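K.L.:
Return atomic coordinates for the entry below.
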Amino acid sequence: MTKKQFQHTIVASLISSLAWAASPSFANGFHTENGGTTGGEGGQIVHATTGTQIHAALCNRASSDTPIIIQVEGTINHGNTSKVSGNSCNTAADKIELKDISNVTLIGVGQGALFDELGIHIRSSSNIIIRNVHVRNVKKSGSPTSNGGDAIGMEKDVSNVWVDHATLEASGGESDGYDALVDMKNNTKYVTVSYSILRNSGRGGLVGSSDSDDNNGPVTFHHNYYENINSRTPLLRHATAHSYNNYYDGLISSGMNPRIGGKIKAENNYVKDSKDPLGTFYTNDMGFWDVSGNIWDNVRWSNDGSKVHPAGPNPVSTTSIHIPYQYQPDQASCVPAIVMATAGANKNLAVSDGRCHVTTPGNDQPGNGNGNGDGQNNGGDNGGSPSGSNLALNAAADGSSKGNGTSYGNVIDGDSSTYWSPRGSTGTISVKRLNQTINAVRIVELSGTQGTVTAWSLVNHDDGTTLASGSSIPGMISFPDTNLDKISFVIHAASGTPAIAEFEVYKN
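P.N.:
Next comes the predicted model:
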């Protein structure tokens, strides 16, 4: 498959995935209400490698509502993003400007789309899909500045937006020049943020910018990974939100913060090593919560006091919230493994099937003729035999840790009776010094330990791209031709101590 064919395959997968919006845990959320969110479905497909080309694609449409799918690949930054003028657009030089437009899909393809210090701004727009993109280090002070410091900002009169499989991150809080990862303000309605990573920021995001900003929502957050966030996951003023199957890891000061009449349905989330993940904070104008099925793992709850009203230590519902769309939440116990295997950019748009298994839209659906229909993303061939030589035999290996009596080199020695194990149930094993093009690997577990690994990803260590992921290890893992020096097999969850006998690498 050529690079261009692969890019069109990714977009075709996007389009086909929209057709199963009613499936258990994939394209559901409040973005499916109010007429639904289809983005640029049916429109022209345009490839862009600069911010200027993204703006030009918008400006070259027949009208501001002509559907368009913009494939983005490469690094988008201030140096390659300029204002473009036209009757169908309203752009700016210091951000990706989605203003006064509708019916647009922005999707990362190929080796991925990185928006470096450049935010995505949405204003007076509707029916927008943003998928498979990485946005980092957007600043409101210092240099360069963009989008008021928000990775994605929905500023005014915005409706029906779906942010999916995005990686949004900062490198600190407001004192370091950053603001939020996702903000929704001033009449922003029917939004879903799903299968995304939000990390290393003082503020996750808000719905409603002030106590008088009372016309926002409803909003859905599901299958997201919140890591090292100080607060606002989200801050919710007046509006209604649905938060389910999210993995909150290391919330520093507070988390879900409904206030001044805001309401949140929090169900089947997994919260770990966090402080005050739910309640009304920094005000006495109370919000409300509807809680069920959550796991609170090593959570510290403050005592109730003035402007501090935590839901815990034993959270109970203070309201009841009806959800109008169909969905099937995973059990909270499997959320860390599921979210780590699916959330973020460059994860092959992998999702949960609602039964704690990983699948890929348009690739391994039951009955579609691709894969084995078991609801798992196996990155290609589920079995099969390798062709050509095992390139790992002439390479080197390293990893994150090794258990007693095991060695990194055991995975590249051609002997399936020797093995590597991490010091625990998770870890990384890598084959390095390849410096060539590959498109398949085979992971061989030590005899008698098959099935121990329950969530994994295969990562191009050179650029961080995820090549494949899943919840069980298939016979062969195939992916498009990729030139790299080092490839890593990352074990996110396991039922015991994994034992990897061989990590074979091929160019088929």
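K.L.:
What strands flank the biggest strand by length in the chain, and is each parallel or antiparallel?
P.N.:
The residue-count maximum for a strand in the chain (DSSP state E) belongs to strand 102-116. For strand 102-116, the pairing partners within the sheet under DSSP bridges are strand 68-76 (parallel), strand 120-131 (parallel), strand 133-136 (parallel).
K.L.:
Tell me what D249 is bridged to.
P.N.:
E227, K272.
K.L.:
for it, what are its contacts?
P.N.:
Contacts for D249 were tallied using C-beta atoms under 8 Å, 6 or more residues apart in numbering; they are 225-228, 272-274, 336. (Each C-beta comes from the backbone N, C-alpha and C, glycine too.)
K.L.:
Repeat the analysis, applying 7 Å as the threshold.
P.N.:
Applying C-beta atoms under 7 Å, 6 or more residues apart in numbering to D249 gives the contacts 225-227, 272-273.
K.L.:
okay, how far is it across stretch 291-302, tip to tip?
P.N.:
From its first residue to its last, stretch 291-302 covers 18 Å (C-alpha to C-alpha, to the nearest Å).
K.L.:
So for that stretch, what gets flagged as buried?
P.N.:
If you call a residue buried by 16 or more other C-beta atoms under 10 Å, then stretch 291-302 has these buried ones: 291, 293-294, 296, 299, 301-302.
K.L.:
quick one: low-confidence parts of the protein?
P.N.:
For the chain, applying pLDDT under 70 flags the ranges 1-26, 361-388.
K.L.:
What helix or strand is the closest residue to K83 other than its chain neighbours located in?
P.N.:
Leaving aside its sequence neighbours, K83 sits nearest to A93 (C-beta to C-beta, 6 or more residues apart in numbering; 4.6 Å). According to DSSP states H and E, A93 maps onto no helix or strand at all.
K.L.:
Contact partners for A93?
P.N.:
Residues counted as contacts of A93 (C-beta under 7 Å, 6+ apart) are 81-83.
K.L.:
Just put the residues you listed in a markdown table and tack on secondary structure, neighbour count and distance to L393.
P.N.:
Formatted as a markdown table, those follow (DSSP: H, G, I helix; E, B strand; the rest coil; neighbours: other C-beta atoms under 10 Å; distance: C-beta to C-beta, whole Å):
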| residue | secondary structure | neighbour count | distance to L393 |
| --- | --- | --- | --- |
| T81 | coil | 24 | 45 |
| S82 | coil | 15 | 50 |
| K83 | coil | 15 | 54 |
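K.L.:
Out of those residues, flag the one nearest to Y408.
P.N.:
The closest of the contacts of A93 to Y408 turns out to be T81 (C-beta to C-beta; 42.2 Å).
K.L.:
quick one: the closest one and G119 touch, right?
P.N.:
No - look at T81 against G119 with C-beta atoms under 7 Å: they stay out of range, at 10.7 Å.
K.L.:
how about JSON lines for the buried residues of stretch 291-302, with distance to V138 and secondary structure added?
P.N.:
As requested, the buried residues of stretch 291-302 are exported to JSON lines (distance: C-beta to C-beta, whole Å; DSSP: H, G, I helix; E, B strand; the rest coil):
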{"residue": "V291", "distance to V138": "32", "secondary structure": "strand"}
{"residue": "G293", "distance to V138": "34", "secondary structure": "coil"}
{"residue": "N294", "distance to V138": "31", "secondary structure": "coil"}
{"residue": "W296", "distance to V138": "32", "secondary structure": "strand"}
{"residue": "V299", "distance to V138": "30", "secondary structure": "strand"}
{"residue": "W301", "distance to V138": "32", "secondary structure": "coil"}
{"residue": "S302", "distance to V138": "31", "secondary structure": "coil"}
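K.L.:
Which two among the residues you listed are spaced furthest apart?
P.N.:
G293 and S302, at 23.3 Å, using C-beta to C-beta across the buried residues of stretch 291-302.
K.L.:
coming back round to it: ok, so of the contacts of A93, who is nearest I491?
P.N.:
Nearest to I491 among the contacts of A93, with distances taken as C-beta to C-beta, is T81, at 38.2 Å.
K.L.:
Skipping its backbone neighbours, what lies nearest the closest one in space?
P.N.:
G51 (2.6 Å).
K.L.:
quick one: contacts for the one you found?
P.N.:
76, 80-81, 96, 118.
K.L.:
Apply 8 Å and report the result again.
P.N.:
With C-beta under 8 Å, 6+ apart, G51 has these contacts: 76-77, 80-82, 96, 118.
K.L.:
filter those residues to the buried ones?
P.N.:
With burial judged by 16+ other C-beta under 10 Å, the buried subset of the contacts of G51 is 76-77, 80-81, 96, 118.
K.L.:
okay, these in a markdown table with distance to A56 next?
P.N.:
Below are the buried ones among the contacts of G51 laid out as a markdown table (distance: C-beta to C-beta, whole Å):
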| residue | distance to A56 |
| --- | --- |
| I76 | 13 |
| N77 | 16 |
| N80 | 12 |
| T81 | 11 |
| I96 | 12 |
| L118 | 16 |
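K.L.:
quick one, domains of this structure?
P.N.:
Domain assignment for the chain by automatic domain parsing gives 3-342, 378-506.
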